[in-house]
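[1] Next input, structure requested:
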Amino acid sequence: MGKYFGTDGFRGRANETLTAIHAFRVGRFLGRYFARGSYDRARIVIGKDTRRSSYTLEYSIAAGAAASGADVYLLHVTTTPSVAYLTRTEHFDCGVMISASHNPYEDNGIKLFNAKGEKLEDETLRLIEDYLDGGSLPLATGADIGRTVDFVAGRNRYLAYLLSLPRVGFRGMRVGLDCANGSAFMIAKAVFDALGATVLCIGASPDGVNINAGVGSTHPERIAALVKTEGLDIGFAFDGDADRCIAADERGNILDGDAILYLAARSLKARGKLDGGGIVATQMSNGGLERSLSRENIALAYSDVGDRFVYEEMLKSGYLLGGESSGHIIFRKHATTGDGVLTALKVMETVVESKCPLSLLVEGYHPLPQEKRSVRVRDKAVATSESVLCAKAKAEGLLQGGRIVLRASGTEPVIRILAEGEEAEVCRAAADLMEKAVSAAEDLA
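    The predicted structure follows:
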């Protein structure tokens with residue numbers, strides 16, 4: 001991770017650690033850097049989520065890019081995967097998504113995509129960081145100054161693309177959607193309505209400050225409760241920028257990204273579409289996923305945490321399916337990044353075609369007990385302190401063959417703790433031990 005850019009872009013507190021000045025300078029760099037090809041003028045597309053601060057960052061990036069000579073196309077409120085898709089299919093030089101994903105509204109972020117719709121290369125990010133720390137670039141003048149273009153039509157093209165993917169309609173299905181008061185609040189319902197489903201929505205009234213607030217993929221209990229109380233067939237919860245999806249079956253059981261990977265892998269294999277015979281997951285995925293997939297003769301490769309690393313491993317291995325337990329699922333045939341709405345469509349397609357309830361389709365997935373904690377810290381280096389590493393060894397001893405994963409978040413000032421083993425009570429004890437150790441090290445730092 002660099003000084004400004006982590007595993008999922010430049011993220012920070014709006015107008016504190018991520019300001020309009022940062023955004024303007026990012027735009028200045030992008031507008032100049034991407035004018036190097038066969039065109040004299042770079043073309044950049046920008047989308048944003050529903051945070052109040054997204055407007056400031058959107059216009060700042062657009063102003064900076066236009067001042068460097070780029071033409072900037074504004075999608076307004078849309079999803080991260082739609083920006084990646086349109087960057088690739090509409091031949092933009094660069095795509096920008098303004099979002100802090102699942103973080104609270106006080107945070108925001110800048111995600112960058114190359115012309116292939118992939119996360120921007122580390123080398124280019126380092127050049128941006130160098131410029132942010134005091135570099136200079138010439139301003140465009142006269143007829144070379146860029147312009148901004150309203151590009152709502154691009155969002156409609158993405159909607160049309162999503163509608164083209166399912167092989168079946170959803171008529172007769174009753175579906176719950178939790179849009180996290182974020183980017184999916186218009187797109188998701190429109191897609192499911194058009195495919196014939198009866199849709200009930202929550203988290204679909206954004207006001208600029210309620211994004212992810214008690215709703216969405218980080219609060220899947222809300223969609224699970226809606227499915228149970230309303231007698232729905234299925235439910236899906238997205239995060240703030242809709243690149244994650246968590247499902248709820250007809251009984252109100254929550255199915256995370258690992259369960260969705262299991263379902264999707266079996267479905268692809270049954271249709272002879274599981275190229276390479278395997279999928280990609282991360283170190284945070286449940287150990288039960290590998291066991292369950294092995295019974296289906298499906299291989300599992302591992303990547304670092306972050307959907308960009310999942311995608312890179314998919315390219316390396318040749319696999320077409322990969323994802324994270326958090327709900328980032330990548331169907332490489334259709335997308336270059338996690339896409340929550342696309343994932344929901346694929347799960348729905350499997351349910352409708354099989355004529356089976358979702359609970360039956362994941363019966364063969366047997367997750368191991370896990371306990372997860374997140375500890376906010378001032379300095380992520382505490383994760384490697386001697387006292388924390390000593391506690392980790394003790395916790396692993398408690399688990400007797402289980403595992404402890406301790407990692408610094410690439411998107412928040414947080415240390416992630418995962419304890420996994422054969423008994424839930426022992427996992428809780430191990431996680432408690434680690435949480436106390438990290439907190440104590442933070443107090444001493």
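
[2] Poorly predicted segments of the stretch 1-150 of the chain, please.
    Applying pLDDT under 70 to the stretch 1-150 of the chain picks out residues 1, 36-39.

[3] at 50 instead, please
    The stretch 1-150 of the chain contains residues with pLDDT under 50 at 38.

[4] all helices of it, in order?
    20-33, 53-67, 80-89, 122-132 (DSSP state H, counting those that start in this stretch).

[5] Now tabulate those in a markdown table and tack on mean neighbour count.
    Just so you know, the C-beta spots here come from the backbone N, C-alpha and C atoms, and that holds for glycine as well. Formatted as a markdown table, the helices of the stretch 1-150 of the chain follow (neighbours: other CB atoms under 10 Å):
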| stretch | mean neighbour count |
| --- | --- |
| helix 20-33 | 23 |
| helix 53-67 | 23 |
| helix 80-89 | 26 |
| helix 122-132 | 16 |
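
[6] for those, which one sits closest to Arg376?
    The minimum distance between Arg376 and the helices of the stretch 1-150 of the chain falls on helix 53-67, with 20.4 Å, by CB to CB.

[7] how far off helix 20-33 does that closest one point, in degrees?
    With axes from the mean of the first three to the mean of the last three CA atoms, to 10 degrees defining the directions, helix 53-67 sits at 40 degrees from helix 20-33.

[8] for the helices of the stretch 1-150 of the chain, which one sits closest to Glu363?
    Of all these, helix 80-89 comes closest under CB to CB, at 29.5 Å.

[9] one step back: which one of the helices of the stretch 1-150 of the chain lies closest to Ala213?
    When the helices of the stretch 1-150 of the chain are compared by CB to CB, helix 53-67 sits nearest Ala213, at 15.0 Å.

[10] quick one on the thing from earlier: please convert the helices of the stretch 1-150 of the chain to JSON lines, extending it with distance to Gly208.
    Converted to JSON lines, the helices of the stretch 1-150 of the chain look like this (distance: least, CB to CB, whole Å):
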{"stretch": "helix 20-33", "distance to Gly208": "16"}
{"stretch": "helix 53-67", "distance to Gly208": "8"}
{"stretch": "helix 80-89", "distance to Gly208": "18"}
{"stretch": "helix 122-132", "distance to Gly208": "26"}
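
[11] if we compare the ones you listed, which one ends up closest to Val175?
    helix 80-89 (19.3 Å).

[12] Check which helices and strands that closest one sits against.
    strand 43-48, strand 71-77, strand 94-98, strand 107-113, helix 152-164, helix 340-354 (3 or more CB pairs under 8 Å, 6 or more residues apart in numbering; DSSP states H and E).

[13] Please enumerate residues in contact with it?
    Applying CB atoms under 8 Å, 6 or more residues apart in numbering, the contact partners of helix 80-89 are 45-47, 75, 92, 94-97, 99, 101, 111, 113-118, 154-155, 157-158, 161, 183, 187, 241-243, 335-342.

[14] could you give the angle of it to strand 43-48?
    For helix 80-89 against strand 43-48, the angle by the same axes, to 10 degrees is 170 degrees.

[15] Run the angle between helix 80-89 and helix 340-354 for me.
    Using the same axes, to 10 degrees, the direction of helix 80-89 lies 100 degrees away from that of helix 340-354.

[16] ok now helix 80-89, how far from the chain's centre?
    From the chain centre to the centre of helix 80-89 is a distance of 14 Å (CA atoms, centre = their mean, to the nearest Å).

[17] on that earlier part again, list buried residues within the contacts of helix 80-89.
    Neighbour-count burial (16 or more other CB atoms under 10 Å) is assigned, among those, to 45-47, 75, 92, 94-97, 99, 101, 111, 113-115, 117-118, 154-155, 158, 161, 183, 187, 241-243, 335-342.

[18] coming back round to it: can you tell which of the helices of the stretch 1-150 of the chain is closest to Leu165?
    For Leu165, the closest of the helices of the stretch 1-150 of the chain is helix 80-89, at 11.5 Å, according to CB to CB.

[19] and the angle from that closest one to strand 71-77?
    Orientation of helix 80-89 against strand 71-77 (the same axes, to 10 degrees) gives an angle of 150 degrees.

[20] Direction-wise, compare helix 80-89 with strand 107-113 and give the angle.
    Interaxial angle of helix 80-89 relative to strand 107-113 (the same axes, to 10 degrees): 20 degrees.

[21] CA-only coordinates of helix 80-89 in PDB, if you can.
    Provided in PDB are the C-alpha atoms of helix 80-89 (Å, rounded to 0.1, in the frame of the first residue of the first chain):
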ATOM      1  CA  THR A  80     -18.500   0.800  -9.100                       C
ATOM      2  CA  PRO A  81     -18.900  -2.100 -11.500                       C
ATOM      3  CA  SER A  82     -20.900   0.000 -14.000                       C
ATOM      4  CA  VAL A  83     -17.900   2.400 -14.100                       C
ATOM      5  CA  ALA A  84     -15.500  -0.500 -14.800                       C
ATOM      6  CA  TYR A  85     -17.900  -1.900 -17.500                       C
ATOM      7  CA  LEU A  86     -18.300   1.400 -19.300                       C
ATOM      8  CA  THR A  87     -14.600   2.300 -19.100                       C
ATOM      9  CA  ARG A  88     -14.000  -0.900 -21.000                       C
ATOM     10  CA  THR A  89     -16.900  -1.000 -23.400                       C
END
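
[22] Contact partners for Asp207?
    If you count contacts by CB under 8 Å, 6+ apart, Asp207 has them with Asn181.

[23] so it is in which element?
    Under DSSP states H and E, no helix or strand contains Asp207.

[24] Next one: it from Phe92, what distance?
    Computed as CB to CB, to the nearest Å, the Asp207 to Phe92 distance reads 30 Å.
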